[in-house]
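Colleague: Sharing a model prediction with you, sequence too.
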Amino acid sequence: MKILVLEPSRVQQIILNAMFRACDLYPEFVASLASAMSEVDKAEYDCVFTSYSLKEGSGVDIARHLKRTNNTKTSVILLTTEDRRTILNDALSAGITRIIPRANTVELETFIRELADSDVDYQQMSGKVLFIDDDRTMTAIICSMIEASGSECISCTNGEEAMALIADNHFDLVIADYFLDGKLTGLDTLLAIRQMGGKRARTPVMVISAQTDVERRIEILKKGANDYVAKPVVEEELVVRANNLITQKKLFDRVEEQREQLRNMAMTDQLTALYNRHFLVEFAPKRLAEAMRHKTDLSLMVVDLDHFKAINDTHGHDRGDQVLREVADILKSVCRKEDMAIRLGGEEFLLILPHCSAEGVIKKAEELRLLLLKTRPARLDVTGSFGITCLEGGNQADFSDLFTAADEAVYEAKDTGRNKVIFRAVASPE
Ligand SMILES: Nc1nc2c(ncn2[C@@H]2O[C@H](COP(=O)(O)OP(=O)(O)OP(=O)(O)O)[C@@H](O)[C@H]2O)c(=O)[nH]1
């Protein structure tokens, strides 16, 4: 595997090199965009790892360069502290294959290990296949061919048994004969799979049938089969088609996984691992609507650290960051499963507390205020101003009304001496 790493920082180069070497990978290192571009033009790299922030541009430019030069073989992995969704989306559209947050060394190490383990040949992806046929000779032949191609093959003779196996396992492909012993035909089994919840409903299904007329083939495909093979089966053809479906499924799974990671990353504050403003915009109104629908209480707590600028100025930005991380941990420690802790930006945090009454939120804020004093994040005396509000069950409000009330309460806490909790009722609608 030939890997290029574009990393201007010498320290980062040393760290990355250690990670690669631990997996027996020996990448080339370059420090500038120009050198990286000239390297990928000269030699065929499987993978380029690049830092996002570069003096001459961004790591995304290397993906653009590969696109321009019609290089589809080299994948580009972006290492970044960036969490703005538009930038990350642009990076993916420009051809970045994967984005890994700088702070997430576990994800990076896992990725490098997988890279070392895989040396993936996309035509040869193996998977777990369920073969359903009541003809035992056919089953033995097909299963041994599928196994010879590197996949695992489990077999059963009817649709009912198949559905039980699918409920307990994750298959990458189901191959079903059209006619089966038992109540469910191959087509019934296909329909039952499509009606399952979650990912299982998308399991690729190939149907085998002796009925070769075009109407039957169309019917099978219309019902949601991914492929169709006519009997008598040419075993090699079936195995090639099976491998194609497995490969498509695996690639789709990988894209899904990346999309999920990107989504999580776009919703997470990189410094504290709390949710960020994107999460707030997307989920807060939904939580409020749920509370109003079920007529339950929902409280908000805005926490703004006091004189944080002075902490940075006196002890340095890194110590300031440490304070923010430890405060975030304290906030998380008091959250219940349904609570949400968000970093609004800088030294300002928000807790959304479903099922929490006015009395409850006042108590919680006071506990937190004292916990901050006692815990001394980063071994410093840190205090916070707390603005809280509550929408009591059965009342109606916009999220912005609720937020304004908590935010105004924080201002009042700041104006009246800091290190205190102020409750403000939500303004009633005109
Ligand atoms: N270390 C660190 N500092 C940050 C971060 N984000 C914002 N800040 C700093 O937080 C400070 C916030 O200062 P101000 O808004 O004046 O607030 P304050 O000093 O806490 O004053 P009061 O809120 O009035 O008590 C600024 O100096 C910002 O540079 C960050 O991610 N890390």
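Modeller: Good, I have the coordinates.
Colleague: Asp401 against Val426, yeah?
Modeller: Yes. At 5.4 Å, Asp401 counts as touching Val426 under the criterion of Cβ atoms under 8 Å. Bear in mind the C-beta positions are built from the backbone N, C-alpha and C, glycine included.
Colleague: Please say which of the two ends up with more neighbours.
Modeller: Ranked by neighbour count (other Cβ atoms under 10 Å), Asp401 and Val426 place Val426 first, with 20 against 16.
Colleague: Distance from stretch 185-203 to the middle of the chain?
Modeller: When C-alpha coordinates are averaged (Cα atoms, centre = their mean, to the nearest Å), stretch 185-203 and its chain have centres 25 Å apart.
Colleague: That stretch: which residues count as buried?
Modeller: For stretch 185-203, a neighbour-count test (16 or more other Cβ atoms under 10 Å) marks 185-190, 192-193, 200, 202-203 as buried.
Colleague: again with stretch 386-394
Modeller: So for stretch 386-394, counting by 16+ other Cβ under 10 Å, buried means 386-391.
Colleague: same deal with stretch 323-334?
Modeller: Within stretch 323-334, the residues scored as buried using 16+ other Cβ under 10 Å are 323-324, 326-328, 330-331, 334.
Colleague: which residue does the stretch 101-250 of the chain bring closest to the ligand?
Modeller: In the stretch 101-250 of the chain, the residue found nearest to the ligand is Ala103; the distance is 12.5 Å by Cβ to the nearest ligand atom.
Colleague: How many residues are close by whatever residue of the stretch 301-430 of the chain ends up closest to the ligand?
Modeller: Distance from the ligand to each residue of the stretch 301-430 of the chain (Cβ to the nearest ligand atom) is smallest for Gly320, at 2.7 Å. Gly320: 22 surrounding residues under other Cβ under 10 Å.
Colleague: so what's it up against?
Modeller: Gly320 is in contact with 308, 311-312, counting by Cβ atoms under 8 Å, 6 or more residues apart in numbering.
Colleague: Just send those residues back as JSON lines, with distance to the ligand, pLDDT and secondary structure too.
Modeller: Below are those laid out as JSON lines (distance: Cβ to the nearest ligand atom, whole Å; pLDDT from 0 to 100; DSSP: H, G, I helix; E, B strand; the rest coil):
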{"residue": "Phe308", "distance to the ligand": "3", "pLDDT": "96", "secondary structure": "helix"}
{"residue": "Ile311", "distance to the ligand": "8", "pLDDT": "96", "secondary structure": "helix"}
{"residue": "Asn312", "distance to the ligand": "5", "pLDDT": "95", "secondary structure": "helix"}
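Colleague: By neighbours, which of these wins?
Modeller: Greatest neighbour count in these, by other Cβ under 10 Å, goes to Ile311: 23 neighbours.
Colleague: which outside residues touch the helix or strand containing Ala291?
Modeller: Element membership for Ala291 (DSSP states H and E) is helix 277-293. The contact list for helix 277-293, computed with Cβ under 8 Å, 6+ apart, reads 85, 266-268, 275, 297-298, 340, 342, 344-345, 350, 352, 354-355, 391, 393, 395-399, 402.
Colleague: Okay, and which of the residues you listed map to helices?
Modeller: The members of the contacts of helix 277-293 that map onto helices under DSSP state H are 85, 266, 399, 402.
Colleague: Any quick ChimeraX command for the buried ones out of those residues?
Modeller: Buried subset of the ones in helices among the contacts of helix 277-293, written as a ChimeraX selection, criterion 16+ other Cβ under 10 Å:
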select :266,399,402
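Colleague: picking that back up, now, which of the buried residues of stretch 323-334 lie close to the ligand?
Modeller: Filtering the buried residues of stretch 323-334 for proximity to the ligand by Cβ under 6 Å from any ligand atom leaves Leu324.
Colleague: Specify which member of the buried residues of stretch 323-334 is nearest to Asp415.
Modeller: Using Cβ to Cβ, Val327 comes nearest to Asp415 of the buried residues of stretch 323-334, at 21.7 Å.
Colleague: May I have the phi/psi pair for the closest one?
Modeller: The phi/psi pair for Val327 (degrees, to the nearest 10) reads phi -60, psi -40.
Colleague: Report the separation between the closest residue to it other than its chain neighbours and Ser9.
Modeller: Excluding the flanking residues, the one nearest Val327 by Cβ to Cβ, 6 or more residues apart in numbering is Pro377, at 5.2 Å. Distance, Pro377 to Ser9, by Cβ to Cβ, to the nearest Å: 28 Å.
Colleague: the more surrounded of those two?
Modeller: Set Pro377 next to Ser9 and count neighbours by other Cβ under 10 Å: Pro377 wins out with 21 against 12.
Colleague: Can you verify my assumption that that one contacts Arg319?
Modeller: No. Counting by Cβ under 8 Å, Pro377 sits too far from Arg319 to count as a contact (9.8 Å).
Colleague: end to end, how far does stretch 41-55 reach?
Modeller: Criterion Cα to Cα, to the nearest Å; first-to-last residue distance in stretch 41-55 is 21 Å.
Colleague: who in the stretch 251-400 of the chain is up against the ligand?
Modeller: Residues of the stretch 251-400 of the chain that fall close to the ligand, judged by Cβ under 6 Å from any ligand atom: 271, 304-309, 312, 317, 320-321, 324, 346-347.
Colleague: Doesn't Gly387 lie inside a strand?
Modeller: Yes. Assessed with DSSP: H, G, I helix; E, B strand; the rest coil, Gly387 lies in a strand.
Colleague: What residues does it make contact with?
Modeller: Counting by Cβ under 8 Å, 6+ apart, Gly387 touches 301-302, 304, 405-413, 422, 424.
Colleague: can you count the residues close to the residue lying closest to Gln396 once chain neighbours are set aside?
Modeller: Leaving aside its sequence neighbours, Gln396 sits nearest to Met292 (Cβ to Cβ, 6+ apart; 5.9 Å). By other Cβ under 10 Å, the residues close to Met292 number 16.
Colleague: what's the pLDDT at Met292?
Modeller: pLDDT, Met292: 94.
Colleague: number of nearby residues for the closest residue to the ligand within the stretch 51-200 of the chain?
Modeller: Closest contact between the stretch 51-200 of the chain and the ligand, by Cβ to the nearest ligand atom, is at Thr81 (10.9 Å). Thr81 is flanked by 12 other residues according to other Cβ under 10 Å.
Colleague: Return the residues in contact with the closest residue in space to it that isn't next to it in sequence.
Modeller: Once flanking residues are discounted, Thr81 sits nearest to Arg102: 4.7 Å by Cβ to Cβ, 6+ apart. Contact analysis of Arg102 by Cβ under 8 Å, 6+ apart lists 79-81, 270.
Colleague: All set, thanks.
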